[in-house]
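1. Just need the structure, nothing else, for what follows:
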Amino acid sequence: MRVGNLLLSAATLFSGKTYARLQDISAYLKLPILCQSQFYALQKRYLFPVINETWMSCQLGVVIGLSREDKVVLSGDGRRDSPGHCAKYGTYTLMDVDSGYIVDFAVLNKADPRVKNSNAMEPMGLIQCLSNMKKWNIDVNILTTDRHKTIRKIIRVDYPEITHQFDLCIVKKIVTACGKKTALAPLLDWLQFISNHFWWVMSRQCRCS
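-> You can find the predicted model right below:
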């Protein structure tokens, strides 16, 4: 194995790029590079294990720290590999608001028998992450998410001890979408004032708490 091939594969993967992108650049430069099968073989044998080991080590430190704290504040959100109802894969991530560190994440597959459809991947991911929070004795006091109906029900029914809050950016997007309707167009003139009011209320609550 040539070191240059490994370093090039690592730089491509760690920067979030793909082999196709690397191939395009090398074609313009007329620069010979490793073939696609070599690229993925190096990922599987060397790079993925390094990423996993690093993540597990970092996560352990975060979990140990949060397990010693009271009233942890987390935010969560899900992502899918494609929009709409045809997504095959999804992830759900929980982040510690105070430190900005990722506490846990779940990777979902639509083929999983527990997942009814693409829309069910996000709630299932949250359930897995919150289950880990309990297992790791992390006292989740506040959780901020989007306004997903199933997630709201899950927290209300299964986790009543958690205060559920909504992402203000999502609320702003909802108001913006409503303002695009002809009958509600005047809302757009008030959008910035509404947003400022939301943030003002939240800042007062934070100071009071």
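2. How many neighbouring residues does the closest residue to D98 other than its chain neighbours have?
-> Residue nearest to D98 in three dimensions, not counting chain neighbours: V73, with 6.4 Å by C-beta to C-beta, 6 or more residues apart in numbering. C-betas here are computed from N, CA, C, even on glycine. Counted by other C-beta atoms under 10 Å, the residues lying close to V73 total 16.
3. Ok, T163 next?
-> 14.
4. Ramachandran coordinates for it?
-> Main-chain dihedrals, T163, degrees, to the nearest 10: phi -80, psi 120.
5. picking up where we left off before, quick one: secondary structure of the residue nearest to D98?
-> Here V73 is strand, with the state taken from DSSP: H, G, I helix; E, B strand; the rest coil.
6. Double-check it against N141; I have them as touching.
-> Yes: if you go by C-beta atoms under 8 Å, V73 and N141 touch, sitting 6.2 Å apart.
7. what about the top helix by length along the chain, average pLDDT?
-> Secondary structure of the chain read by DSSP state H shows that its longest helix is helix 48-67. Across helix 48-67, pLDDT averages out at 96.
8. Spatially central, which residue of this protein would that be?
-> T93 (3.8 Å; C-alpha atoms, centre = their mean).
9. for the protein, what spans make up the helices?
-> Ranges of helices within the chain are 3-14, 19-29, 36-42, 48-67, 121-135, 149-158, 168-179, 191-208, based on DSSP H.
10. To K88, which of the ones you listed lies closest?
-> Set against K88 and scored by C-beta to C-beta, the helices of the chain come closest in helix 121-135, at 9.4 Å.
11. Deepest in the core, which of the helices of the chain is it.
-> Compared across the helices of the chain, helix 121-135 shows the largest average neighbour count, a mean of 20 (mean count of other C-beta atoms under 10 Å).
12. got any ranges where the chain has weak pLDDT?
-> Counting by pLDDT under 70, the ranges of the chain that qualify are 84, 170, 172, 199, 202-209.
13. gap between L74 and F105?
-> In this view, L74 and F105 are 12 Å apart by C-beta to C-beta, to the nearest Å.
14. re the thing from before, what's opposite the residue nearest to D98 in the beta bridge?
-> When bridges are called by DSSP bridges, V73 pairs up with I142.
15. Check the gap between it and W200 for me.
-> 19 Å.
16. cool, and S26?
-> Separation of S26 from W200 (C-beta to C-beta): 52 Å.
17. ditto for F193
-> Using C-beta to C-beta, F193 is found at 10 Å from W200.
18. L34 too?
-> Distance from L34 to W200, by C-beta to C-beta: 55 Å.
19. Next: G4.
-> 55 Å.
20. before we move on, what about L130?
-> L130 is 30 Å from W200, by C-beta to C-beta.
21. Let me see the domain layout of the protein.
-> 3-58, 70-166, 170-209 (automatic domain parsing).
22. can you tell me which of those comes nearest to I64?
-> Taking the domains of the chain one by one with C-beta to C-beta, domain 70-166 is closest: 8.7 Å.
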